[in-house]
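Novice: What would the 3D arrangement of this be:
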Amino acid sequence: MGRRLLILLGLGFLPALTTAAEPPAADPAAAPATQPAAKNPLPGITLDKQRRRVMLECSTLHSGVPLELVACMPNSREHEALMVVKARPQRIHLALLLAGFEPGHPASWDEKKEKPIMPTGDPLDLQVQWTDPKTEKQQTVPIEDWMAAMDPAKPVPRLEWVFTGSQVYENGQYMADMEGSVVSISNFPDAVIDLSGKHSRDNAALEFKGNDKIMPPAGTKCTLIIQPPASLRVELDRFGKVLVNGKAAAANKVADLLAAHRRCRDDARVELTVSPDAAKADVDKLVRQAEDAGFKDRIDRRVPSTQPGAFVFPANDPLAAFDLLTGEWKLQRVTIAQNISDQQRWLAQARDRRELLARQYAELAGYMNLAREQYRQAAAQLKK
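Specialist: Okay, the predicted model is just below:
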(Lines give C-alpha, C1' and ligand atoms only; values in the text may rest on other atoms or scores of the structure.)
Protein backbone atom coordinates (compact mmCIF):
# COMPACT_ATOMS: atom_id res chain seq x y z
CA MET A 1 0.00 0.00 0.00
CA GLY A 2 2.87 2.35 0.83
CA ARG A 3 4.38 1.79 -2.58
CA ARG A 4 1.06 2.54 -4.32
CA LEU A 5 0.58 5.67 -2.23
CA LEU A 6 4.06 6.86 -3.13
CA ILE A 7 3.33 6.35 -6.83
CA LEU A 8 0.02 8.19 -6.65
CA LEU A 9 1.59 11.08 -4.77
CA GLY A 10 4.40 11.30 -7.31
CA LEU A 11 1.90 11.47 -10.13
CA GLY A 12 -0.16 14.13 -8.44
CA PHE A 13 -3.34 12.04 -8.95
CA LEU A 14 -4.17 11.28 -5.35
CA PRO A 15 -6.72 14.09 -4.98
CA ALA A 16 -8.48 12.94 -8.14
CA LEU A 17 -8.82 9.40 -6.80
CA THR A 18 -10.15 10.36 -3.36
CA THR A 19 -13.82 10.96 -2.76
CA ALA A 20 -14.84 14.58 -2.43
CA ALA A 21 -18.05 16.60 -2.51
CA GLU A 22 -19.04 17.43 -6.06
CA PRO A 23 -19.47 21.12 -6.91
CA PRO A 24 -23.02 22.32 -7.57
CA ALA A 25 -24.21 21.80 -11.12
CA ALA A 26 -23.74 24.83 -13.36
CA ASP A 27 -26.70 26.53 -15.03
CA PRO A 28 -26.86 25.11 -18.61
CA ALA A 29 -28.03 28.49 -19.91
CA ALA A 30 -24.92 30.16 -18.54
CA ALA A 31 -22.53 27.59 -20.04
CA PRO A 32 -20.49 28.66 -23.09
CA ALA A 33 -21.48 27.28 -26.47
CA THR A 34 -18.27 25.25 -26.73
CA GLN A 35 -16.60 23.42 -23.85
CA PRO A 36 -12.85 22.71 -23.82
CA ALA A 37 -12.01 19.05 -24.21
CA ALA A 38 -11.25 17.25 -20.92
CA LYS A 39 -7.55 16.76 -20.37
CA ASN A 40 -6.45 13.14 -20.51
CA PRO A 41 -4.97 12.32 -17.07
CA LEU A 42 -2.92 9.53 -18.67
CA PRO A 43 -1.45 10.99 -21.89
CA GLY A 44 -0.27 8.35 -24.31
CA ILE A 45 -2.36 5.67 -22.55
CA THR A 46 -5.80 4.23 -23.24
CA LEU A 47 -7.34 2.31 -20.34
CA ASP A 48 -10.11 -0.28 -20.69
CA LYS A 49 -11.01 -1.35 -17.14
CA GLN A 50 -13.77 -3.74 -18.22
CA ARG A 51 -11.40 -5.83 -20.34
CA ARG A 52 -8.38 -5.00 -18.17
CA ARG A 53 -6.41 -3.58 -21.10
CA VAL A 54 -3.75 -0.89 -21.06
CA MET A 55 -2.82 0.42 -24.52
CA LEU A 56 0.32 2.50 -25.01
CA GLU A 57 1.04 4.81 -27.93
CA CYS A 58 4.46 3.88 -29.34
CA SER A 59 6.79 4.32 -32.29
CA THR A 60 8.99 1.58 -33.72
CA LEU A 61 12.77 1.77 -33.55
CA HIS A 62 15.38 0.14 -35.75
CA SER A 63 15.05 -3.65 -35.80
CA GLY A 64 17.66 -6.36 -36.12
CA VAL A 65 19.73 -5.19 -33.13
CA PRO A 66 20.31 -7.25 -29.95
CA LEU A 67 17.53 -6.46 -27.49
CA GLU A 68 17.59 -5.68 -23.79
CA LEU A 69 14.13 -4.11 -23.80
CA VAL A 70 10.89 -4.25 -25.72
CA ALA A 71 9.89 -0.67 -24.87
CA CYS A 72 11.59 2.36 -23.32
CA MET A 73 10.84 6.04 -22.79
CA PRO A 74 12.33 8.70 -25.13
CA ASN A 75 15.98 9.64 -24.80
CA SER A 76 16.89 6.61 -22.72
CA ARG A 77 17.69 3.17 -24.14
CA GLU A 78 16.46 3.38 -27.72
CA HIS A 79 19.59 1.65 -29.06
CA GLU A 80 18.54 -1.66 -27.42
CA ALA A 81 14.73 -1.57 -27.63
CA LEU A 82 12.01 -2.38 -30.16
CA MET A 83 9.86 0.70 -29.56
CA VAL A 84 9.65 3.96 -27.65
CA VAL A 85 6.56 4.85 -25.63
CA LYS A 86 4.90 8.23 -25.32
CA ALA A 87 3.76 7.88 -21.69
CA ARG A 88 5.85 8.21 -18.55
CA PRO A 89 6.64 4.84 -16.94
CA GLN A 90 5.11 5.93 -13.65
CA ARG A 91 1.80 6.67 -15.37
CA ILE A 92 1.94 3.26 -17.04
CA HIS A 93 2.35 1.73 -13.59
CA LEU A 94 -0.71 3.64 -12.41
CA ALA A 95 -2.75 2.50 -15.42
CA LEU A 96 -1.86 -1.12 -14.67
CA LEU A 97 -2.98 -0.65 -11.08
CA LEU A 98 -6.28 0.84 -12.26
CA ALA A 99 -6.74 -2.15 -14.58
CA GLY A 100 -6.55 -4.44 -11.55
CA PHE A 101 -3.02 -5.81 -11.88
CA GLU A 102 -0.90 -6.36 -8.76
CA PRO A 103 2.83 -5.55 -8.97
CA GLY A 104 5.45 -7.85 -7.54
CA HIS A 105 9.06 -6.72 -7.43
CA PRO A 106 11.85 -6.28 -10.01
CA ALA A 107 14.91 -8.47 -10.19
CA SER A 108 17.53 -7.72 -7.56
CA TRP A 109 20.48 -9.22 -5.72
CA ASP A 110 20.33 -10.79 -2.25
CA GLU A 111 23.50 -9.61 -0.51
CA LYS A 112 23.16 -12.03 2.42
CA LYS A 113 22.50 -15.16 0.38
CA GLU A 114 24.62 -13.92 -2.54
CA LYS A 115 22.11 -14.97 -5.18
CA PRO A 116 19.71 -13.20 -7.55
CA ILE A 117 16.09 -12.55 -6.60
CA MET A 118 13.83 -13.33 -9.54
CA PRO A 119 11.24 -10.80 -10.75
CA THR A 120 7.63 -11.41 -9.70
CA GLY A 121 4.20 -9.93 -10.36
CA ASP A 122 0.86 -10.58 -12.02
CA PRO A 123 1.24 -12.35 -15.39
CA LEU A 124 0.71 -10.27 -18.53
CA ASP A 125 0.22 -10.81 -22.24
CA LEU A 126 1.73 -8.30 -24.68
CA GLN A 127 0.50 -7.66 -28.20
CA VAL A 128 1.42 -5.00 -30.72
CA GLN A 129 -0.96 -3.36 -33.19
CA TRP A 130 -0.10 -1.22 -36.21
CA THR A 131 -1.25 -0.33 -39.69
CA ASP A 132 0.83 -1.94 -42.42
CA PRO A 133 2.18 0.96 -44.54
CA LYS A 134 2.04 -1.20 -47.69
CA THR A 135 -1.43 -2.74 -47.42
CA GLU A 136 -2.92 -0.10 -45.07
CA LYS A 137 -4.46 -2.97 -43.11
CA GLN A 138 -4.37 -3.15 -39.34
CA GLN A 139 -2.19 -5.91 -37.93
CA THR A 140 -2.19 -7.32 -34.37
CA VAL A 141 0.34 -9.91 -33.30
CA PRO A 142 1.95 -11.13 -30.06
CA ILE A 143 5.00 -9.06 -29.21
CA GLU A 144 7.11 -12.21 -29.56
CA ASP A 145 6.48 -12.06 -33.34
CA TRP A 146 8.55 -8.87 -33.45
CA MET A 147 11.40 -10.73 -31.75
CA ALA A 148 13.83 -13.23 -33.23
CA ALA A 149 16.24 -15.50 -31.36
CA MET A 150 19.92 -14.71 -31.63
CA ASP A 151 20.31 -18.31 -32.70
CA PRO A 152 18.39 -18.44 -36.03
CA ALA A 153 17.67 -22.14 -35.51
CA LYS A 154 15.59 -21.43 -32.42
CA PRO A 155 12.00 -20.17 -32.56
CA VAL A 156 10.79 -17.56 -30.07
CA PRO A 157 8.32 -19.16 -27.63
CA ARG A 158 5.48 -17.33 -25.93
CA LEU A 159 7.24 -15.58 -23.07
CA GLU A 160 6.09 -15.04 -19.47
CA TRP A 161 5.79 -11.32 -18.80
CA VAL A 162 5.13 -10.07 -15.27
CA PHE A 163 4.14 -6.71 -13.76
CA THR A 164 7.16 -6.10 -11.55
CA GLY A 165 6.84 -2.35 -10.99
CA SER A 166 10.03 -0.31 -10.95
CA GLN A 167 12.17 0.18 -7.88
CA VAL A 168 11.92 3.57 -6.16
CA TYR A 169 14.92 5.67 -5.11
CA GLU A 170 15.35 6.66 -1.47
CA ASN A 171 14.26 10.20 -2.34
CA GLY A 172 10.95 8.81 -3.65
CA GLN A 173 11.68 9.12 -7.37
CA TYR A 174 10.31 6.34 -9.55
CA MET A 175 13.45 4.74 -11.01
CA ALA A 176 11.95 3.96 -14.42
CA ASP A 177 11.19 7.67 -14.96
CA MET A 178 14.90 8.34 -14.56
CA GLU A 179 16.38 5.29 -16.34
CA GLY A 180 13.71 4.71 -19.00
CA SER A 181 12.86 0.99 -18.83
CA VAL A 182 9.21 0.15 -19.53
CA VAL A 183 9.19 -3.45 -20.78
CA SER A 184 12.47 -5.23 -20.06
CA ILE A 185 13.97 -8.43 -21.33
CA SER A 186 17.21 -8.31 -19.35
CA ASN A 187 15.98 -7.97 -15.74
CA PHE A 188 16.49 -4.22 -15.24
CA PRO A 189 15.65 -3.08 -11.67
CA ASP A 190 13.75 -0.09 -13.07
CA ALA A 191 11.50 -2.15 -15.38
CA VAL A 192 7.76 -1.68 -15.08
CA ILE A 193 7.26 -5.03 -16.87
CA ASP A 194 9.86 -7.76 -17.06
CA LEU A 195 10.35 -11.35 -18.14
CA SER A 196 9.99 -13.93 -15.39
CA GLY A 197 13.13 -15.89 -14.61
CA LYS A 198 16.76 -14.88 -15.00
CA HIS A 199 17.85 -13.02 -18.15
CA SER A 200 21.34 -11.56 -18.34
CA ARG A 201 22.28 -8.07 -19.54
CA ASP A 202 25.69 -9.21 -20.77
CA ASN A 203 26.04 -8.62 -24.51
CA ALA A 204 27.27 -12.16 -25.10
CA ALA A 205 24.23 -13.61 -23.30
CA LEU A 206 21.47 -11.56 -24.98
CA GLU A 207 18.77 -13.89 -26.27
CA PHE A 208 16.73 -11.86 -28.75
CA LYS A 209 16.91 -9.29 -31.52
CA GLY A 210 14.35 -7.42 -33.60
CA ASN A 211 12.59 -9.41 -36.31
CA ASP A 212 13.23 -7.56 -39.60
CA LYS A 213 10.83 -9.83 -41.49
CA ILE A 214 7.72 -8.71 -39.60
CA MET A 215 8.45 -5.36 -37.98
CA PRO A 216 7.40 -2.23 -39.90
CA PRO A 217 9.98 0.49 -40.67
CA ALA A 218 11.43 2.63 -37.90
CA GLY A 219 9.16 5.49 -36.90
CA THR A 220 5.91 3.60 -37.57
CA LYS A 221 3.18 4.44 -35.08
CA CYS A 222 2.00 1.40 -33.15
CA THR A 223 0.10 0.42 -29.99
CA LEU A 224 1.46 -1.87 -27.30
CA ILE A 225 -1.49 -3.75 -25.77
CA ILE A 226 -1.03 -5.02 -22.21
CA GLN A 227 -3.67 -7.47 -21.02
CA PRO A 228 -4.12 -10.66 -18.96
CA PRO A 229 -2.91 -13.89 -20.57
CA ALA A 230 -5.59 -15.88 -22.35
CA SER A 231 -5.22 -18.80 -19.93
CA LEU A 232 -6.08 -18.27 -16.28
CA ARG A 233 -4.09 -20.66 -14.09
CA VAL A 234 -6.39 -22.24 -11.50
CA GLU A 235 -5.07 -24.87 -9.08
CA LEU A 236 -6.96 -26.96 -6.54
CA ASP A 237 -5.09 -28.59 -3.67
CA ARG A 238 -5.97 -31.57 -1.49
CA PHE A 239 -7.32 -29.27 1.22
CA GLY A 240 -9.90 -27.73 -1.14
CA LYS A 241 -8.02 -24.44 -1.43
CA VAL A 242 -7.84 -22.67 -4.78
CA LEU A 243 -4.91 -20.74 -6.23
CA VAL A 244 -5.52 -18.32 -9.10
CA ASN A 245 -2.32 -17.37 -10.94
CA GLY A 246 -0.36 -18.63 -7.95
CA LYS A 247 -2.29 -16.62 -5.34
CA ALA A 248 -4.70 -18.05 -2.78
CA ALA A 249 -8.29 -17.10 -3.60
CA ALA A 250 -11.06 -16.93 -1.03
CA ALA A 251 -13.80 -19.50 -1.65
CA ASN A 252 -16.43 -16.79 -2.14
CA LYS A 253 -14.27 -14.96 -4.71
CA VAL A 254 -13.39 -17.79 -7.09
CA ALA A 255 -16.58 -17.46 -9.17
CA ASP A 256 -16.09 -13.69 -9.49
CA LEU A 257 -12.47 -14.12 -10.62
CA LEU A 258 -13.52 -16.65 -13.25
CA ALA A 259 -16.32 -14.41 -14.55
CA ALA A 260 -14.01 -11.38 -14.65
CA HIS A 261 -11.45 -13.27 -16.71
CA ARG A 262 -14.12 -14.47 -19.13
CA ARG A 263 -15.03 -10.82 -19.79
CA CYS A 264 -11.43 -9.83 -20.44
CA ARG A 265 -10.75 -11.75 -23.60
CA ASP A 266 -12.71 -13.45 -26.36
CA ASP A 267 -10.20 -16.30 -26.30
CA ALA A 268 -10.16 -16.64 -22.50
CA ARG A 269 -9.55 -20.14 -21.14
CA VAL A 270 -8.96 -21.85 -17.80
CA GLU A 271 -5.87 -23.94 -17.19
CA LEU A 272 -6.94 -26.26 -14.37
CA THR A 273 -4.50 -28.26 -12.24
CA VAL A 274 -6.00 -30.57 -9.63
CA SER A 275 -4.15 -32.39 -6.86
CA PRO A 276 -4.60 -36.17 -7.08
CA ASP A 277 -5.71 -36.08 -3.42
CA ALA A 278 -8.39 -33.42 -3.94
CA ALA A 279 -11.92 -34.35 -2.87
CA LYS A 280 -14.29 -35.09 -5.75
CA ALA A 281 -16.85 -32.65 -4.34
CA ASP A 282 -14.26 -29.83 -4.44
CA VAL A 283 -13.29 -30.69 -8.02
CA ASP A 284 -16.92 -30.83 -9.16
CA LYS A 285 -17.68 -27.49 -7.49
CA LEU A 286 -14.70 -25.77 -9.16
CA VAL A 287 -15.53 -27.19 -12.59
CA ARG A 288 -19.15 -26.12 -12.18
CA GLN A 289 -18.07 -22.58 -11.27
CA ALA A 290 -15.85 -22.44 -14.37
CA GLU A 291 -18.67 -23.69 -16.61
CA ASP A 292 -21.13 -21.20 -15.12
CA ALA A 293 -18.63 -18.42 -15.89
CA GLY A 294 -18.65 -19.41 -19.58
CA PHE A 295 -15.72 -21.84 -19.76
CA LYS A 296 -17.71 -25.02 -20.51
CA ASP A 297 -15.55 -25.94 -23.52
CA ARG A 298 -12.58 -23.84 -22.49
CA ILE A 299 -11.06 -25.83 -19.61
CA ASP A 300 -7.60 -27.29 -20.17
CA ARG A 301 -6.69 -29.95 -17.61
CA ARG A 302 -3.08 -30.03 -16.48
CA VAL A 303 -1.30 -32.76 -14.55
CA PRO A 304 0.66 -31.63 -11.45
CA SER A 305 4.40 -31.57 -12.01
CA THR A 306 6.24 -34.79 -11.20
CA GLN A 307 9.72 -33.54 -12.01
CA PRO A 308 12.42 -34.65 -9.53
CA GLY A 309 12.75 -32.14 -6.74
CA ALA A 310 9.53 -30.33 -7.68
CA PHE A 311 6.44 -30.06 -5.54
CA VAL A 312 3.60 -32.21 -6.81
CA PHE A 313 1.29 -29.25 -6.22
CA PRO A 314 1.02 -26.47 -7.17
CA ALA A 315 2.39 -27.30 -10.59
CA ASN A 316 5.73 -25.64 -11.31
CA ASP A 317 5.27 -23.23 -8.41
CA PRO A 318 7.24 -24.44 -5.37
CA LEU A 319 7.02 -21.06 -3.65
CA ALA A 320 3.22 -21.14 -3.79
CA ALA A 321 3.26 -24.73 -2.54
CA PHE A 322 5.57 -23.74 0.30
CA ASP A 323 3.30 -20.84 1.22
CA LEU A 324 0.30 -23.15 1.09
CA LEU A 325 1.91 -25.80 3.28
CA THR A 326 3.20 -23.11 5.63
CA GLY A 327 -0.35 -21.80 5.97
CA GLU A 328 -1.62 -25.30 6.71
CA TRP A 329 1.13 -25.79 9.29
CA LYS A 330 0.19 -22.52 10.96
CA LEU A 331 -3.39 -23.74 11.25
CA GLN A 332 -2.15 -27.05 12.64
CA ARG A 333 0.09 -25.25 15.11
CA VAL A 334 -2.89 -23.24 16.36
CA THR A 335 -4.87 -26.44 16.82
CA ILE A 336 -1.96 -28.19 18.52
CA ALA A 337 -1.33 -25.19 20.77
CA GLN A 338 -5.01 -25.16 21.72
CA ASN A 339 -4.89 -28.87 22.52
CA ILE A 340 -1.76 -28.38 24.58
CA SER A 341 -3.40 -25.51 26.42
CA ASP A 342 -6.46 -27.66 27.13
CA GLN A 343 -4.26 -30.52 28.35
CA GLN A 344 -2.26 -28.19 30.57
CA ARG A 345 -5.47 -26.79 32.03
CA TRP A 346 -6.76 -30.30 32.64
CA LEU A 347 -3.47 -31.33 34.27
CA ALA A 348 -3.56 -28.23 36.45
CA GLN A 349 -7.09 -29.13 37.49
CA ALA A 350 -5.96 -32.70 38.13
CA ARG A 351 -3.09 -31.44 40.29
CA ASP A 352 -5.51 -29.25 42.22
CA ARG A 353 -7.82 -32.22 42.73
CA ARG A 354 -4.92 -34.41 43.80
CA GLU A 355 -3.80 -31.84 46.33
CA LEU A 356 -7.38 -31.53 47.60
CA LEU A 357 -7.72 -35.30 47.87
CA ALA A 358 -4.35 -35.46 49.62
CA ARG A 359 -5.53 -32.90 52.17
CA GLN A 360 -8.85 -34.69 52.59
CA TYR A 361 -7.02 -38.01 53.02
CA ALA A 362 -4.68 -36.47 55.61
CA GLU A 363 -7.67 -35.04 57.47
CA LEU A 364 -9.47 -38.38 57.30
CA ALA A 365 -6.35 -40.20 58.51
CA GLY A 366 -6.19 -37.75 61.41
CA TYR A 367 -9.81 -38.42 62.27
CA MET A 368 -9.19 -42.17 62.11
CA ASN A 369 -6.15 -41.92 64.41
CA LEU A 370 -8.13 -39.75 66.81
CA ALA A 371 -11.02 -42.23 66.72
CA ARG A 372 -8.64 -45.13 67.46
CA GLU A 373 -7.12 -43.25 70.38
CA GLN A 374 -10.57 -42.42 71.75
CA TYR A 375 -11.58 -46.06 71.31
CA ARG A 376 -8.52 -47.26 73.25
CA GLN A 377 -9.17 -44.80 76.01
CA ALA A 378 -12.84 -45.85 76.22
CA ALA A 379 -11.84 -49.53 76.32
CA ALA A 380 -9.36 -48.85 79.12
CA GLN A 381 -12.06 -47.03 81.16
CA LEU A 382 -14.42 -49.96 80.80
CA LYS A 383 -11.83 -52.47 82.07
CA LYS A 384 -11.43 -50.52 85.28
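Novice: Would you quantify the distance from Pro155 to Glu144?
Specialist: Pro155 sits 9 Å away from Glu144, taking Cβ to Cβ, to the nearest Å as the criterion. Every residue, glycine included, has its C-beta placed from N, CA and C.
Novice: what domains does the record give for this protein?
Specialist: The chain resolves into domains spanning 2-14+41-227, 231-316, 319-378 when parsed by automatic domain parsing.
Novice: mind checking which of those domains is nearest Lys384?
Specialist: In this view, these are compared for proximity to Lys384 by Cβ to Cβ, and domain 319-378 is the closest at 11.3 Å.
Novice: how much space between Arg265 and Ala248?
Specialist: The spacing between Arg265 and Ala248, counted by Cβ to Cβ, is 24 Å.
Novice: Of those two, give the one with the bigger neighbour count.
Specialist: The neighbour comparison of Arg265 against Ala248 (other Cβ atoms under 10 Å) goes to Arg265, with 18 against 15.
Novice: who are the neighbours in contact with that one?
Specialist: Contacts of Arg265 were listed using Cβ atoms under 8 Å, 6 or more residues apart in numbering, and they are Arg51, Gln227, Pro228, Ala230.
Novice: What segments of the stretch 51-200 of the chain are strands?
Specialist: For the stretch 51-200 of the chain, strands defined by DSSP state E, counting those that start in this stretch occupy the ranges 53-60, 69-72, 83-85, 103-105, 108-110, 115-117, 120-121, 123-131, 138-142, 147-149, 161-163, 181-184, 193-195.
Novice: now those in TSV, with mean pLDDT?
Specialist: Listed next are the strands of the stretch 51-200 of the chain as TSV, based on pLDDT from 0 to 100:
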stretch	mean pLDDT
strand 53-60	96
strand 69-72	94
strand 83-85	96
strand 103-105	92
strand 108-110	82
strand 115-117	84
strand 120-121	92
strand 123-131	96
strand 138-142	95
strand 147-149	90
strand 161-163	96
strand 181-184	94
strand 193-195	94
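Novice: between Pro155 and Glu144, who's got more neighbours?
Specialist: Summary of the neighbour comparison: Pro155 and Glu144, criterion other Cβ under 10 Å, with Glu144 having more neighbours (19 against 9).
Novice: how about the nearest residue to the more buried one, chain neighbours excluded?
Specialist: Sequence neighbours aside, Val156 is the residue nearest to Glu144 in space, at 4.8 Å (criterion: Cβ to Cβ, 6 or more residues apart in numbering).
Novice: buried residues in stretch 58-65?
Specialist: Cys58, Ser59, Thr60, Leu61, Ser63 (16 or more other Cβ atoms under 10 Å).
Novice: Likewise for stretch 133-153?
Specialist: Residues Ile143, Glu144, Asp145, Trp146, Met147, Ala148 are the ones in stretch 133-153 that count as buried (16+ other Cβ under 10 Å).
Novice: Serialize the residues you listed to a markdown table and add fields for distance to Leu82.
Specialist: Listed next are the buried residues of stretch 133-153 as a markdown table, based on distance: Cβ to Cβ, whole Å:
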| residue | distance to Leu82 |
| --- | --- |
| Ile143 | 8 |
| Glu144 | 11 |
| Asp145 | 11 |
| Trp146 | 6 |
| Met147 | 7 |
| Ala148 | 11 |
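Novice: biggest separation within the residues you listed, which pair?
Specialist: In these, the most distant members under the criterion Cβ to Cβ are Ile143 and Ala148, with 12.2 Å between them.
Novice: from the buried residues of stretch 58-65, which is closest to Pro89?
Specialist: Where the buried residues of stretch 58-65 are concerned, and distances follow Cβ to Cβ, Pro89 has its nearest neighbour in Cys58, at 12.9 Å.
Novice: Tell me if I'm right that that closest one and Glu78 touch.
Specialist: No: at 11.7 Å, Cys58 does not count as touching Glu78 under the criterion of Cβ atoms under 8 Å.
Novice: Now render the domains of the chain as a markdown table, adding distance to Lys384.
Specialist: Shown next, in a markdown table, are the domains of the chain (distance: least, Cβ to Cβ, whole Å):
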| stretch | distance to Lys384 |
| --- | --- |
| domain 2-14+41-227 | 96 |
| domain 231-316 | 86 |
| domain 319-378 | 11 |
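Novice: among these, which gets the worst mean confidence?
Specialist: Ranked by mean pLDDT, the domains of the chain bottom out at domain 319-378, with a mean of 79.
Novice: From Ala279, how far out is Val270?
Specialist: Counting by Cβ to Cβ, the gap between Val270 and Ala279 amounts to 19 Å.
Novice: Likewise for Met118?
Specialist: In this view, Met118 and Ala279 are 33 Å apart by Cβ to Cβ.
Novice: One more: Pro133?
Specialist: When distances are taken as Cβ to Cβ, Pro133 and Ala279 turn out to be 58 Å apart.
Novice: which residues in the stretch 151-300 of the chain form helices?
Specialist: Per DSSP state H, counting those that start in this stretch, the stretch 151-300 of the chain has helices spanning 175-179, 254-264, 280-290. These are given in chain order.
Novice: Neighbours of Gly44, how many?
Specialist: Burial of Gly44, expressed as a neighbour count using other Cβ under 10 Å, amounts to 16.
Novice: residues contacting it?
Specialist: For Gly44, the residues meeting the contact criterion (Cβ under 8 Å, 6+ apart) are Leu56, Glu57, Val85, Lys86, Ala87, Arg91.
Novice: didn't the fourth one look like it was pressed against Thr46?
Specialist: Spelled out, it's Lys86. No: taking contacts as Cβ under 8 Å, Lys86 lies outside contact range of Thr46: 11.1 Å.
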